[in-house]
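# show me the folded form of this:
(one chain, ligands or ions: 1)
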Amino acid sequence: MAGSTVLNLSGVRKTYGGRAVLTGLNFSLNAGECVALLGPNGAGKSTTIALALGLAQADDGVVELLGKTLPEAGHIARQDVGVVPQYDALDPDFTVFENLMVFGRYFGLHGKQLRERAELLLGFAQLVNRRNDSVATLSGGMRRRLMLARALINQPKVLFLDEPTTGLDPQAKHVIWDRLVDLKRQGMAMFLTTHYMDEAQRLADRVAVLDHGDIVACDKPLTLIRNVVGHAVLELWGAGAARCVSQHVSSKGEPIEQRGETFYFRNEKADEMLEALKRSPQSDVDYIYRPGNLEDVFFSLTGRALRDD
Ligand SMILES: Nc1ncnc2c1ncn2[C@@H]1O[C@H](COP(=O)(O)OP(=O)(O)OP(=O)(O)O)[C@@H](O)[C@H]1O
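Numbering: from 1, shown residues only. Got it, this is the predicted structure:
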C-alpha cells in the first residue's frame, strides 16, 4: 500500500452553531506516513479526527478513508482503523487482558486467534506482568499503553492518535514514543494530534499546522523550521533585558518579538545580539542561543495570543 492515500479530506467545511470551525480544509495522509496535526486550543483538531473517522458529518467537502467515502461507509472503513482517543475508555470492571479480549470481540475476533493477538499486544505494551490486574490499579502511562494496545487489536492499516501522551510524565511519554516509533518502522500510517512540539518533531514525517479553519502549513519538521524560522534564535530575558537591547542592538538588529521580559531574535539578528553579549556581558541579563524549533514555527504561524475563549 506504500505511496497510496490512506486519508483524504478536500474542501471540508464544518460549522457548529453558526461558528465555522473548518473552512475548506484540504489534507491527505499516505500509507506508511506519520502526520502530526498541530493547532491552538479549539482550532479543530479533534473535529478533524471525528470527520476523518466518519463520526461527524462535514457540511461540505469530501472525506475518504481507506478508499471509502465517509460518513456513509464509515462503519466499513473503521474495521481497518485503530483509534487512541484523547480520554481513555477502558472498562474499569475488567482486567488488563480482559480489556483487550472484549475489544477484540467488537471486531469479530474470537478463540485462539484473539487470545494470541491479545498476548502479543500485552508484550508490545509491556504489560505482561499486569495482565490480571484491574485497570483501576494502572498508572497513567500503563493505561495509555493499554489504550494503544487495544487500538491495535484488529491489526489496523492506519492509527489515529488524539493527544496520545497528554498528562504523562517524561518517562511514560518516552515509552509511548518508543512504541509508536516501532509501529512507524513496521509501516503503520499514523495521524496524530498533539500539543507537544517535541512529540511532533520526534514522530512525524510531516507536520500540519491548523489555524482559523484551515491548514496554514504542512511539511517535514526540519523544512518548516528552515523556511519559517531560519537557522538560529536568541532568547534574552532578565531585569536588564530592555536596557541591553536598546544599548547593544543596531537598528538592523531589533528583536522580532517581545513577550513579557523576553525578547526573541532570529538568524542574523540573533548572531548580532550574541556577538554584542559576548563583547560586553551583562550581569542582569540571561540568554540562550539555540537552533530554531517547531515551537518557533507554531508561534510564527499562529501568533502568541491565547485562543481558549
Ligand atoms: N459537538 C460540538 N458542538 C459544538 N461545538 C463544538 C463541538 N465539538 C467541538 N466544538 C467546538 O469546535 C471548536 C473546535 O473544537 P475541537 O475540539 O475540534 O478543537 P481542538 O483543536 O481539538 O481543541 P483542543 O486542542 O483544545 O483539544 C471549539 O470551539 C469547540 O468548542
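
# hmm, residue 114 is touching residue 102, no?
No - Residue 114 lies out of contact with residue 102 (Cβ atoms under 8 Å); the separation is 10.0 Å. All C-beta spots, glycine's among them, are computed from the backbone N, C-alpha and C.

# secondary structure element holding the spatially closest residue to residue 213 that is not a sequence neighbour?
Among residues not flanking residue 213 along the chain, residue 23 sits closest, at 3.3 Å (Cβ to Cβ, 6 or more residues apart in numbering). If you go by DSSP states H and E, residue 23 is part of strand 19-30.

# that strand pairs with which strands?
Strand 19-30 has the following sheet partners, assigned by DSSP bridges: strand 5-16 (antiparallel).

# for the residue most central in space within the chain, give its distance to residue 216.
By Cα atoms, centre = their mean, the chain has its centre lying nearest to residue 194, at 2.8 Å. Distance, residue 194 to residue 216, using Cβ to Cβ, to the nearest Å: 17 Å.

# kindly report the same for residue 120.
According to Cβ to Cβ, residue 120 and residue 216 sit 40 Å apart.

# for residue 81, list each beta-bridge partner.
Bridge pairing for residue 81 - DSSP bridges - gives residue 158.

# residues touching it, list them.
Applying Cβ atoms under 8 Å, 6 or more residues apart in numbering to residue 81 gives the contacts 53, 65, 66, 156, 157, 158, 159, 160.

# a markdown table for the residues you listed, including pLDDT and distance to the ligand?
A markdown table is the format used below for the contacts of residue 81 (pLDDT from 0 to 100; distance: Cβ to the nearest ligand atom, whole Å):
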| residue | pLDDT | distance to the ligand |
| --- | --- | --- |
| 53 | 95 | 13 |
| 65 | 97 | 18 |
| 66 | 96 | 22 |
| 156 | 97 | 22 |
| 157 | 96 | 24 |
| 158 | 97 | 19 |
| 159 | 98 | 18 |
| 160 | 97 | 13 |
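
# what strands flank the worst-scoring helix or strand of the chain on mean pLDDT, and is each parallel or antiparallel?
When each helix and strand of the chain is scored by mean pLDDT, DSSP states H and E, strand 257-259 comes last, with a mean of 80. Sheet pairing for strand 257-259, assigned by DSSP bridges, gives strand 262-266 (antiparallel).

# neighbouring contacts of the partner strand?
Residues outside strand 262-266 that contact it (Cβ under 8 Å, 6+ apart): 229-230, 232-237, 241-242, 245, 253, 255-258, 272-273, 292, 296.

# on that earlier part again, so what's the gap between the strand holding residue 23 and the chain middle?
Centre-to-centre, strand 19-30 and its host chain are 16 Å apart (Cα atoms, centre = their mean, to the nearest Å).

# same thing with stretch 190-210?
4 Å.

# try stretch 142-149
On the basis of Cα atoms, centre = their mean, stretch 142-149 sits 17 Å off its chain's mean C-alpha point.

# before we move on, what about stretch 143-159?
From the chain centre to the centre of stretch 143-159 is a distance of 17 Å (Cα atoms, centre = their mean).
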